[in-house]
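> Show me the folded form of this:
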Amino acid sequence: MNGNKILAALSYFSVLFAPILFPIIVWIVGDNETKPHAKRALWTHIIPSIASFIGFVILGIMGIGSNQPDVTLGIGTMIVLCICGIISLYYFIWNIVKGIKVLKA
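Presented below is the predicted three-dimensional model:
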């Protein structure tokens with residue numbers, strides 16, 4: 001098995017042990033074969049964090065602009081947590097599948 005394949009796959013599998021740090025290191029230090037995989041893995045590790053940040057900003061705006069913040073924030077929090085959880089789960093599974101595909105290629 002080629003070392004470049006292993007590094008590329010580890011960039012995806014790093015969602016389990018070093019989600020943002022490892023793809024950045026591989027992206028900086030890696031060769032031309034591993035850099036695209038590290039960049040893609042980095043983005044798929046960052047997207048759930050961006051989605052969570054946007055969701056919590058929306059919750060803050062809802063809380064400020066609502067007459068009944070208890071009811072609005074309760075329902076809004078559940079919706080935001082479900083959406084962020086689905087996004088995180090999707091990208092987690094996507095990273096694992098992509099890492100396996102890179103190893104098999």
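
> contacting residues for residue 87?
47, 48, 51 (C-beta atoms under 8 Å, 6 or more residues apart in numbering). Bear in mind the C-beta positions are built from the backbone N, C-alpha and C, glycine included.

> 10 Å - rerun?
47, 48, 49, 50, 51, 52, 55 (C-beta atoms under 10 Å, 6 or more residues apart in numbering).

> Okay, and it sits in which element?
Secondary structure from DSSP states H and E places residue 87 in helix 69-104.

> Report the separation between the nearest residue to residue 37 once chain neighbours are set aside and residue 59.
Among residues not flanking residue 37 along the chain, residue 8 sits closest, at 3.8 Å (C-beta to C-beta, 6 or more residues apart in numbering). Noted for residue 8: a distance of 37 Å to residue 59, by C-beta to C-beta, to the nearest Å.

> who's more crowded, the two?
Neighbours were counted for residue 8 and for residue 59 using other C-beta atoms under 10 Å; residue 8 has more, 26 against 17.

> was I right about that one contacting residue 32?
No. Using C-beta atoms under 10 Å, residue 8 is not in contact with residue 32; the gap is 11.3 Å.

> give me phi/psi at residue 33?
phi -80, psi -30 (degrees, to the nearest 10).

> give the contact list for residue 24.
Neighbours of residue 24 in contact, by C-beta under 10 Å, 6+ apart: 11, 14, 18, 38, 39, 41, 42, 45.
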